[in-house]
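S.K.: Output the structure for:
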Amino acid sequence: MDSNEIRERFLAFFARHGHERVASSPLVPGDDPTLTFTNAGMVQFKDVFLGFDKRPYTTAATSQRCLRAGGKHNDLENVGYTSRHHTFFEMLGNFSFGDYFKERAIPLAWELLTADPADGGYGLAPEQLWVTVFGGGKLFGPDSPAVPADEDAAALWRETLMKAGFSAAEAERRITRIPTTDNFWMMGETGPCGPCSEIFYNRDPKATRFEGEDEAKADDCVEIWNLVFMQFNRDGEGVLHDLPAPCVDTGMGLERLCAVLQAKPSNYDTDLFTPLLAAAKKAVEDAGGEAPADSASLRVLADHIRAAAFLVADRVLPSNEGRGYVLRRIIRRALRHGHQLGATKPFFASLAAPLAELMAAAHPEIAQRLEQVTAALAREEERFAKTLHDGMRLLQKRTGDGGGIDGATAFMLYDTYGFPADLTASYARDHGLSVDMEGFEKELAKQQARSRAASGFKVDLQAVGYDGPATVFERDPAKEASGEVLALYDEAGAPVEVLAEGDAGLAVLSATGFYAEAGGQVGDRGVLRGAGGEQAEVITTVKVRGDVHGHQVRVVAGELRRKAELAGQIDRERRTAVCRAHSATHLLHEALRRVLGDHVEQRGSLVEGDRLRFDFVQEQALSDEQLADVEALVCRQALANAPVVIEELPYPEAIDRGAKALFGEKYGSVVRMVQIDPDFSIELCGGTHVGSASEIGQLFIRADEAVAAGIRRIEAHAGFATQRELRERAALVQGLERLLKKPGPALLEEVAALRGQVQELQKAGAKAEQAALQEKLAQLHRERGGAKRFVA
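M.R.: From the prediction side, this is the model:
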């Protein structure tokens, strides 16, 4: 059974049992600042489990692309050296959102695993399957109440195993109770949680006991499926309350399942990896290296090309921060292993094509973007060669005396040269040197603190644990909405009852007219006032979660209290300017596509008052003619005064009508569509806009620059900012005309001539200075040579 059939059997099985087949979401989670990457199948359903989102189905099945290469879930350093760790993997999962619970999840899992392949199952031998359930215990500290054992799951497993032909005693022997958090899943410190039941496969059919906890047997007795039963809600005091609608979240790694079903000792021996291993071996040898078939470095290459290519396909590019830095680490770790095998020429990017072919049936994203993926990997490979040369030279200089590498040096290599810290650590290990990684982390923390200080006051949103009602958002700024203070937080994100005069913090209101920062548009500013004279300046507005607006405030009079009623007054002049810039951004996006081609994709934006920044996919700089054409297209729309039409409609209908959905954005079943001339710009957008295109005024592109490989950034003005910019430039030209006594068209020629004269004078001056110095040296030499020696 090949991997495509194994994946398809899973999805088809659950589809037959009434589950919606849901496509994999991207590796970059939409609208979730707490996650760097999608690391489990449930991530795209997180808001559904929390009750913040409704889907038209109550059960689902997916094959989700996942990545674990940073933070809490980090398998990077194990990859290549074990049979089962990967950076990129696929997680097969079935989910129930308040529909069925343990009574159906357990029998369904057993049926799929053991049913005859002719009946759509996997045909695993029942005697090689073992299960665990939560055994109960004090999970949250010695003083916390004990969490009861999951005897319901144990009873259901006993019943299922006995139906499969096991005696009552044998069924009980196959159920192991685990009293730790290994078998209890929590979404966070508070919120949904519940017991797990894991299914293990033992490659030894003669095993007489559960061997899943024996590290020596880890490659023989492997966990293949984890069933999570979300039945509790943990409150801030650590108390568990029954959920009104318990849910099911399961996850089964496709790579491990393939190893079991294909009777392979390692995931790398399955058809998910063998074509990549062969391609990696050939690529390394073509690049001048030697690659033994059992090399750990080859396994690293086969794994890392999957992670790197899918990240690039999901619009992540290598950089020195955030997701881009994780991608850079993955690519450079692969390149380092290639160099260890002796590769002296570029090789890694060539592995994208065989990966695209291998994954075409289930995940066509690589094939669809193969040119961009290959180009991005090749550029990073070229950069790494220079980084390696510069970094190694500096490392050798700094460690020539055999000493260790201090934290400041490791950080300087990272910050200045883009030399990954793990590469520094690897160099140290290879040369028997110590490296102060703790010092590196301290230097990194200092830099991050400097960045935070430079950006001004900002509440730590990741620490805010708000789980209350949503905010009612009033879009019309003329209607100054009032709302009850549902929650207050200090700058560290800790909940408080009061913010006193002079305090800064975050206020969540039941209703507001303040737009929360999203989609590149800045949050609204303004003032919150209470009936008692209390007043707070709203510095910006952010999203605590998708439907909750948080007002970052500084109290300027009185004190803000939880449950108080506050009225909001938005800075309407600023909001109007932001609307102009946002609508101009939509027109700019379409104008770029029409001038440059359909390859143009938005990769980021910032929409402020009459000012915008737009990042997009494009290799070459725009010519003056192209910039003029883009501006003219936007100007034509503004002069035509096309109305800005905003509709809410089902997502499929919006796409059918030609609306552009921005990659990586998270959309619900009903979306907001913004149309500026139905034949020109139609986009899905939750931001605020002008009423008609003429309100934008004139767009002026003031800068076009590269910000990353294959990504360019345009900075532009709209509205009054354009008028100010053009007036300033006109004043500059007029001043030069008066100074140089030349008309505008002749200024460039005159400035070029003056610059040439300055350069000639500089050369003449340098020669005169050099001649004077030589004469002075000669004079000193003559004086020294002719001096008399006096002896006392």
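S.K.: Could you list the buried residues of stretch 146-161?
M.R.: By neighbour count on 16 or more other C-beta atoms under 10 Å, the buried set for stretch 146-161 is Val147, Ala149, Asp150, Asp152, Ala153, Ala154, Leu156, Trp157, Arg158, Thr160, Leu161. C-beta here means a position set from N, CA and C on the backbone, and glycine is covered the same way.
S.K.: surely Ile646 meets Arg672?
M.R.: Yes: between Ile646 and Arg672 a contact is recorded at 6.5 Å, counting by C-beta atoms under 8 Å.
S.K.: Which one's more surrounded, the two?
M.R.: Shown here are Ile646 and Arg672; by other C-beta atoms under 10 Å, Arg672 has more neighbours (18 against 14).
S.K.: you'd agree the more buried one is up against Cys685?
M.R.: Yes: Arg672 lies in contact with Cys685 (C-beta under 8 Å); the separation is 6.3 Å.
S.K.: what comes up buried for the lengthiest helix in the chain?
M.R.: Taking DSSP state H as the assignment, the helix of the chain that covers the most residues is helix 747-786. Buried residues in helix 747-786, counting neighbours by 16+ other C-beta under 10 Å, are found at Glu750.
S.K.: Check stretch 104-122 too.
M.R.: 105-115, 121-122.
S.K.: which other residues reach that stretch?
M.R.: 1, 6, 9-10, 12-14, 16-17, 94, 96, 123-126, 129, 153, 156-157, 160, 164, 197, 199, 224-225, 227, 229, 248, 250, 257, 261 (C-beta atoms under 8 Å, 6 or more residues apart in numbering).
S.K.: taking these one by one, which sit in strands?
M.R.: If you go by DSSP state E, the contacts of stretch 104-122 have Asn94, Ser96, Leu129, Ser197, Ile199, Ile224, Trp225, Leu227, Phe229, Val248, Thr250 in strands.
S.K.: For Ile539, see how far away the third one is.
M.R.: Between Leu129 and Ile539 the distance is 57 Å, computed by C-beta to C-beta, to the nearest Å.
S.K.: Check the first one too.
M.R.: In this structure, Asn94 and Ile539 are separated by 45 Å, where distance is defined by C-beta to C-beta.
S.K.: The two: which is more packed in?
M.R.: Asn94 (27 against 18).
S.K.: Which one of the ones in strands among the contacts of stretch 104-122 is nearest to Gly505?
M.R.: Phe229 (37.2 Å; C-beta to C-beta).
S.K.: Give the bridge partners for that closest one, please.
M.R.: Val248 (DSSP bridges).
S.K.: Give me the pLDDT for Glu749.
M.R.: On the pLDDT scale, Glu749 is placed at 80.
S.K.: Next, the contact list for it, please.
M.R.: Per C-beta under 8 Å, 6+ apart, neighbours of Glu749: none.
S.K.: thought Gln750 was touching Leu739?
M.R.: In this structure residue 750 is Glu, not Gln. No: using C-beta under 8 Å, Glu750 is not in contact with Leu739; the gap is 10.0 Å.
S.K.: all strands of the stretch 451-600 of the chain, in order?
M.R.: 472-473, 482-490, 495-496, 498-499, 504-509, 511-512, 526-530, 535-545, 548-557, 560-561, 565-570 (DSSP state E, counting those that start in this stretch).
S.K.: among these, which is nearest Gly604?
M.R.: strand 535-545 (17.0 Å).
S.K.: How far off centre is the longest helix of the chain?
M.R.: Averaged C-alpha coordinates place helix 747-786 at 55 Å from its chain's average position (C-alpha atoms, centre = their mean, to the nearest Å).
S.K.: now do stretch 195-208
M.R.: Offset of stretch 195-208 from its chain centre (C-alpha atoms, centre = their mean): 35 Å.
S.K.: residues contacting Asp547?
M.R.: Taking C-beta under 8 Å, 6+ apart, we find Asp547 in contact with Phe52, Ala470, Thr471.
S.K.: Out of the residues you listed, who's the most crowded?
M.R.: Thr471 (25 neighbours).
S.K.: ok, that one to Asp235 distance?
M.R.: 22 Å.
S.K.: what are the ranges of the helices in the stretch 551-700 of the chain?
M.R.: 572-596, 624-640, 651-656 (DSSP state H, counting those that start in this stretch).
S.K.: hmm, I was thinking of the stretch 351-500 of the chain
M.R.: 352-359, 365-368, 370-398, 407-417, 421-430, 437-455.
S.K.: Highest mean neighbour count out of these?
M.R.: Of the helices of the stretch 351-500 of the chain, the one with the most neighbours on average (mean count of other C-beta atoms under 10 Å) is helix 352-359, at a mean of 20.
S.K.: Would you list the buried entries among the ones in strands among the contacts of stretch 104-122?
M.R.: Buried, going by 16+ other C-beta under 10 Å: Asn94, Ser96, Leu129, Ser197, Ile199, Ile224, Trp225, Leu227, Phe229, Val248, Thr250, out of the ones in strands among the contacts of stretch 104-122.
S.K.: ok, so of those residues, who is nearest Ser297?
M.R.: Nearest member of those to Ser297, counting by C-beta to C-beta, is Ile224, at 27.6 Å.
S.K.: tell me the pLDDT at that closest one?
M.R.: 95.
S.K.: what's it in contact with, if anything?
M.R.: Applying C-beta under 8 Å, 6+ apart, the residues near Ile224 are Leu113, Ile199, Phe200, Tyr201, Met252, Gly253, Arg256, Leu257, Val260.
S.K.: again with Ile696
M.R.: Arg580, Ser583, Ala584, Leu587, Val634, Ala638, Val690, Ala718, Gly719.
S.K.: Excluding sequence neighbours, find me the nearest residue to the third one.
M.R.: Right, Ala584. Ala718 (4.1 Å; C-beta to C-beta, 6 or more residues apart in numbering).
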